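Participant: Have a look; sequence and predicted model below, questions after that.
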Amino acid sequence: MKVLVTGATGFTGGHLARHMLAHGHDVAVLVRPTSVDRAAALRNEGAELRVGDLADAVAVARAASGCEVVYHIAATYREAGQGDAAYTRVNVDGTRHVLDAARAGGVRRVVHCSTGGVHGHIEHPPANEDAPLAPGDVYQRSKLEAEQLASAYGAAHGLDVVIARPIGIYGPGDLRFLKMFRGLARGRFPMLGTGQVFYHLTYISDLVRGFQLCGEVAAAAGRTYILAGPEYTTLSDLVALIAAELRVDPPRIKFPVWPVWLAGAACEAVCIPFGIEPPLFRRRVDFYRKSRAFDTTRAREELGYNPTVALKTGIHQTAEWYRGQGLL
């Protein structure tokens, strides 16, 4: 098929574009004018670069032209000093431009990448797609608004839309979990709270296979799927697994959560209005106090989704990549 991948210069979108190329698809990628150089490797591997910004409806329509499936991965993530309007502009309005382009261009299906974060803290783990929606920050709220827009748009205009909610993406090339690995490697990773909240990770190769199934399985039309790894664990056990891989002792001292959370709130209140990176965020503290554990039954039964990378294996491969890059 001819497919379009947005966000291909990012971690997830890049892996997805390469996965689709490896499976024989004709891949185009939407690349911002400022990211053309970063996309050179993808072009050398066979992807067609279609230059444009999600904010430019004409450019997005041009990028989607001739494509059968659009994988909409691009989004703005959490950045210090970025106002709420930026999340709406990229994550919501950009999604609307993708949907308009798909409808106008005769695209067969749009796979919209949301996030498991729309569920917030999981009160009764594991959560499935019908669990309560409780986004906890502006990023998650914008992603929920975008997926609701995509679902409603599909129903109103007869456009085939599939929503994917990935969970805890990690693997070689990811830098979001680097602070955790590096902190443990250097004996500077703080443990807050009991460590008994649940955490769920998804290795990147399992995830992109899930995205491919969302784009290709006929019965997925109009459905929402959680895409998660084969196992979840407590935060304490996750930290212990990573520490063992790094051949260090896990943290022995656990600090209370709430004083640190309040300090994070104070840092944000002082720093963000001035566009300054706060030394501490509440969302970083939420890592220690919110459970994330998910049930992938629907994706397994309806898509044939079968994540195979065990957590211990994925942690080893991720750590090996960090070591090879000199990041630890």
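Facilitator: Done, it's in.

Participant: how about the strands in the stretch 51-200 of the chain?
Facilitator: Here the stretch 51-200 of the chain has its strands, by DSSP state E, counting those that start in this stretch, at 69-72, 109-113, 161-166, 169-170, 191-192, 198-200.

Participant: For Ala310, what are phi and psi?
Facilitator: phi -60, psi 150 (degrees, to the nearest 10).

Participant: Now it. Nearest residue, chain neighbours left out?
Facilitator: In space, and not counting its chain neighbours, Ala310 is closest to Pro230: 6.5 Å by CB to CB, 6 or more residues apart in numbering. For the C-beta atoms, the positions are set from N, CA and C on the backbone; glycine is no exception.

Participant: And for Ala61?
Facilitator: Distances taken as CB to CB, 6+ apart place Ala101 nearest to Ala61, at 4.1 Å, with adjacent residues excluded.

Participant: Likewise for Gln196?
Facilitator: Spatially, and ignoring its direct neighbours in sequence, Gln196 is nearest to Thr234 (5.3 Å; CB to CB, 6+ apart).

Participant: Which parts of the protein are helices?
Facilitator: For the chain, applying DSSP state H gives helices covering 11-22, 40-44, 57-64, 84-87, 94-105, 138-157, 178-185, 204-216, 235-246, 258-271, 282-289, 297-303, 311-324.

Participant: Look up how far Ala293 lies from the residue nearest to Gln196.
Facilitator: 9 Å (CB to CB, to the nearest Å).

Participant: Of those two, which one has the most company?
Facilitator: Remark: of Thr234 and Ala293, Ala293 carries more neighbours, 20 against 16, as counted by other CB atoms under 10 Å.

Participant: Can you verify my assumption that that one contacts Glu123?
Facilitator: No. Applying CB atoms under 8 Å as the test, Ala293 and Glu123 come out as separate, 10.8 Å apart.

Participant: give the contact list for Tyr203.
Facilitator: Listed by CB atoms under 8 Å, 6 or more residues apart in numbering, the contact set of Tyr203 reads Tyr170, Gly171, Gly229, Pro307, Val309, Thr313, Gly314, Gln317.

Participant: how close does it sit to Val107?
Facilitator: 29 Å.

Participant: before we move on, back to that, what about the strands of the stretch 51-200 of the chain, which gets the closest to Ala146?
Facilitator: With CB to CB as the criterion, Ala146 lies closest to strand 109-113 of the strands of the stretch 51-200 of the chain, at 7.1 Å.

Participant: Now the closest one: average pLDDT?
Facilitator: Strand 109-113 shows an average pLDDT of 98 in the prediction.

Participant: Output it as PDB - backbone C-alpha positions only.
Facilitator: What follows is strand 109-113, C-alpha atoms only, in PDB (Å, rounded to 0.1, in the frame of the first residue of the first chain):
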ATOM      1  CA  ARG A 109      -8.300   4.600   6.700                       C
ATOM      2  CA  VAL A 110      -6.800   6.900   9.200                       C
ATOM      3  CA  VAL A 111      -5.100   5.400  12.200                       C
ATOM      4  CA  HIS A 112      -4.900   8.100  14.900                       C
ATOM      5  CA  CYS A 113      -2.300   7.700  17.600                       C
END
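
Participant: now for it, which elements pack on it?
Facilitator: strand 69-72, helix 94-105, helix 138-157, strand 161-166, helix 204-216 (3 or more CB pairs under 8 Å, 6 or more residues apart in numbering; DSSP states H and E).

Participant: Paired strands for that strand, with orientation please.
Facilitator: Next to strand 109-113 in the sheet, as set by DSSP bridges, lie strand 69-72 (parallel), strand 161-166 (parallel).

Participant: any idea which of those strands is most buried?
Facilitator: Most buried of these, by mean neighbour count (mean count of other CB atoms under 10 Å): strand 69-72, with a mean of 28.

Participant: what about the closest residue to Thr194 other than its chain neighbours, how many residues close to it?
Facilitator: Leaving out its chain neighbours, the residue that sits closest to Thr194 by CB to CB, 6+ apart is Lys254, at 6.9 Å. Using other CB under 10 Å, Lys254 is surrounded by 14 other residues.

Participant: Which residues are in contact with Lys254?
Facilitator: Met191, Leu192, Gly193, Thr194, Gly195.

Participant: Mind giving me the PyMOL command for buried ones among these?
Facilitator: Buried residues within the contacts of Lys254, by 16 or more other CB atoms under 10 Å, are selected in PyMOL with:
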select buried, resi 191+192+193+195
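
Participant: And the contacts of Lys254, which is closest to Arg50?
Facilitator: Leu192 (44.3 Å).

Participant: From Val285, how far off is that closest one?
Facilitator: Leu192 is 7 Å from Val285, by CB to CB.
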